[in-house]
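Undergrad: What follows is a predicted structure for the sequence shown.
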Amino acid sequence: MDVAVAIGLTGRALTRALSATGRGVVLVATAALSLALFITTALATAFILLGVGVLLLPLVTPLVRRLTGLCRKVAARSGVPIASPYLPLPPLEEGMFGWVQRCRAILTDPATWRDLLFLLLNTLVGFALGLLPLTLLVYSVEGLVLSTGFWMLMRESGVNFWYGFTALDSWPHAALGALVSLAVFGIWAATAPHVLAGHAHFARSLLGPSERSVIASRMRHLSETRSDVINIQATELRRIERDLHDGAQARLVAIGMKLGAASRQLRTNPDAAETLLVDARTATATALEELRCLIRGIHPPVLAERGLEDAIRAIALESPIEVEVTTDVPGRMAAPTESAVYFALSELLNNVVKHANADRASIDLRHTDGLLRAVVIDNGQGGADASRGTGLRGIERRCATFDGTLVLSSPEGGPTVAILELPCALFSPRTSSF
């Protein structure tokens, strides 16, 4: 068992080293492109006063940002994620004024100058760190190949070959060369991921978001979510108004008419008046039930009284398909957060029932380290796409209002996995449980 574990660990180490070496080759390519784009960008910036740069800079900048985006992806593969730091560009207007405005936005973005510095430094840093793992691998393989007997062929042709500090002129020296090559191979396997991680940290120091871009991104996100909240609230108000107008209000008007008719016939036709009163009482009960349904649609009583866990279990019990619920939320959240998660999970489950052609689903709800995570899985046909449906887009907007996210995986044929995450704090213990 220990041997198998050792082999598995060695295999994973070699896989990581090979992956890092491949990323190093990509970095070598980015180093060459960095030099070309640095020169082009510098010339375009210098020629702005001549007018040519006004046209060149907006054309070169997207190429620079694609290259730095590739470096961010390589860094992310090394375990160092780097967020995009760019401020939003204004829409390109027609005419020369639009090009000047675009150049002004590019030049006033601090990330532009940090990109330029990264291009200059990456020409050396990217080339050196990217080439080092490949050099170590090739050198170690070269030593192993030469030590197996190729040194004899080279010696017969009159070439005295040295490997490291060892002259390969005899079998003992060849064995020593093999040991050196194995040591180089071990150094490569141990250091290659760390070398690429070092470049990733270097890239993050220049390509990561500045404080200004973080604030701008946050403001943009808040503006978008505020607009979504306003739209959602307006939609909810229209729904409530429509339900009241078409439901309870209409029934209350009908009850008033029945009571008026009953009062007119109370003396002349008591039997008819009694029938109208019975109808009015029935309509009153129906109106009350509609009002209760409307209230449940605004804020379900089970959510207010028992908390999110029991409210989700209630949804599962009412579902026409089998739904397994597992929860671990040792407390209550703020009412708006609970309501958002409740309706989001309710909508996801409704989508499963209506569109997934599934007969079984599961909901896993947990709160750890200040993050509420809900995972909904069904055994349906898959193919769900948030871009093609208003329901999933609505869930995404509802989550974004609370800085949350919805990640959807739904390949054709299933299964569909929806992961909802919201940062939130617990402020009181749960009150009850089924």
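TA: Alright, I've got the coordinates. Everything quoted here is computed from the prediction, not taken from an experiment.
Undergrad: Which of the helices or strands spans Ile419?
TA: Per DSSP states H and E, Ile419 falls inside strand 416-423.
Undergrad: Please, where are all the strands along the stretch 251-400 of the chain?
TA: With strands called from DSSP state E, counting those that start in this stretch, the stretch 251-400 of the chain shows them at 322-328, 360-368, 371-378.
Undergrad: which stretch among the ones you listed comes nearest Arg264?
TA: Closest of the strands of the stretch 251-400 of the chain to Arg264 is strand 322-328, at 53.2 Å (criterion: C-beta to C-beta). The way it works is simple: take the backbone N, C-alpha and C, and place the C-beta from them, glycine included.
Undergrad: Check which helices and strands the closest one sits against.
TA: helix 308-318, strand 360-368 (3 or more C-beta pairs under 8 Å, 6 or more residues apart in numbering; DSSP states H and E).
Undergrad: Give me the distance from the first one to the chain's centre.
TA: In terms of C-alpha atoms, centre = their mean, to the nearest Å, the centre of helix 308-318 is found 27 Å from the chain centre.
Undergrad: so what secondary structure elements neighbour the stretch of helix or strand Thr15 belongs to?
TA: Assigned by DSSP H and E, Thr15 belongs to helix 2-46. Packing partners of helix 2-46 (3+ C-beta pairs under 8 Å, 6+ apart): helix 52-77, helix 110-145, helix 171-207.
Undergrad: who touches Ala83 in this structure?
TA: Gly208, Pro209 (C-beta atoms under 8 Å, 6 or more residues apart in numbering).
Undergrad: what pLDDT does it get?
TA: Listed pLDDT for Ala83 reads 82.
Undergrad: Just the element for it, please.
TA: Short version, using DSSP H and E: Ala83 is in no helix or strand.
Undergrad: Tell me, how many residues neighbour Ile255?
TA: Residues within reach of Ile255, counting by other C-beta atoms under 10 Å, total 19.
Undergrad: Same list, the helices and strands packed on strand 322-328, but as CSV with mean neighbour count please.
TA: Shown next, in CSV, are the helices and strands packed on strand 322-328 (neighbours: other C-beta atoms under 10 Å):
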stretch, mean neighbour count
helix 308-318, 19
strand 360-368, 17
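Undergrad: By mean pLDDT, show me the worst of those.
TA: Of all the helices and strands packed on strand 322-328, mean pLDDT reaches its minimum on helix 308-318 (a mean of 83).
Undergrad: and it, what does it pack onto?
TA: helix 301-306, strand 322-328, helix 335-355, strand 360-368.
Undergrad: Nearest to Thr327, out of the helices and strands packed on helix 2-46?
TA: helix 52-77 (32.4 Å).
Undergrad: re the thing from before, include distance to Asp378 when you put the helices and strands packed on helix 308-318 into JSON lines, please.
TA: Formatted as JSON lines, the helices and strands packed on helix 308-318 follow (distance: least, C-beta to C-beta, whole Å):
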{"stretch": "helix 301-306", "distance to Asp378": "23"}
{"stretch": "strand 322-328", "distance to Asp378": "9"}
{"stretch": "helix 335-355", "distance to Asp378": "4"}
{"stretch": "strand 360-368", "distance to Asp378": "4"}
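Undergrad: and of these, who's closest to Ala262?
TA: helix 301-306 (33.6 Å).
Undergrad: Ramachandran angles for the residue of the chain most remote from its centre?
TA: Distance from the C-alpha centroid of the chain peaks at Thr268, with 73.3 Å (C-alpha atoms, centre = their mean). Main-chain dihedrals, Thr268, degrees, to the nearest 10: phi -80, psi -30.
Undergrad: got a list of contacts for stretch 40-55?
TA: Leu56, Leu57, Val60, Thr61, Val64, Met96, Trp99, Val100, Cys103, Leu107, Leu116, Leu119.
Undergrad: Could you tell me which residues make contact with the last one?
TA: For Leu119, the contact set (C-beta under 8 Å, 6+ apart) comprises Ser34, Leu35, Leu37, Phe38, Thr41, Val64, Leu67.
Undergrad: just the fifth one next, same as before
TA: Shown here is Val64, whose contacts under the criterion C-beta under 8 Å, 6+ apart are Leu37, Thr41, Asp115, Leu116, Leu119.
Undergrad: Using a markdown table, lay out those residues together with distance to Asn379 and pLDDT.
TA: Converted to a markdown table, the contacts of Val64 look like this (distance: C-beta to C-beta, whole Å; pLDDT from 0 to 100):
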| residue | distance to Asn379 | pLDDT |
| --- | --- | --- |
| Leu37 | 49 | 92 |
| Thr41 | 53 | 90 |
| Asp115 | 47 | 91 |
| Leu116 | 52 | 92 |
| Leu119 | 50 | 92 |
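Undergrad: Tell me the one among the residues you listed nearest to Arg398.
TA: Of all those, Arg398 sits closest to Asp115, with 35.6 Å by C-beta to C-beta.
Undergrad: For Ser140, the count of nearby residues, please.
TA: Ser140 - counted by other C-beta under 10 Å - has 20 other residues nearby.
Undergrad: Would you confirm that it contacts Val184?
TA: Yes - at 4.0 Å, Ser140 counts as touching Val184 under the criterion of C-beta atoms under 8 Å.
Undergrad: Determine the angle, from 0 to 180 degrees, between the helix holding Thr15 and helix 110-145.
TA: 140 degrees (axes from the mean of the first three to the mean of the last three C-alpha atoms, to 10 degrees).
Undergrad: wait, which of the strands of the stretch 251-400 of the chain is closest to Ala314?
TA: Of all these, strand 322-328 comes closest under C-beta to C-beta, at 9.8 Å.
Undergrad: Flag every buried residue along that closest one.
TA: Val323, Val325, Thr327 (16 or more other C-beta atoms under 10 Å).
Undergrad: ok, so what distance separates the last one from Ala340?
TA: According to C-beta to C-beta, to the nearest Å, Thr327 stands 17 Å off from Ala340.
Undergrad: hmm, back to that, among the helices and strands packed on strand 322-328, which comes closest to Thr191?
TA: Comparing the helices and strands packed on strand 322-328 by C-beta to C-beta, strand 360-368 comes nearest, at 34.7 Å.
Undergrad: Touching that closest one from outside, list them.
TA: So strand 360-368 is contacted by 308-309, 312, 316, 319, 321-331, 345, 349, 352, 372-379, 424, 426 (C-beta under 8 Å, 6+ apart).
Undergrad: how much space between the residue nearest to Leu70 when sequence neighbours are not counted and Val100?
TA: Computed as C-beta to C-beta, 6 or more residues apart in numbering, the closest residue to Leu70 that is not its neighbour in sequence is Thr30, at 6.3 Å. The gap separating Thr30 from Val100 is 31 Å, by C-beta to C-beta.
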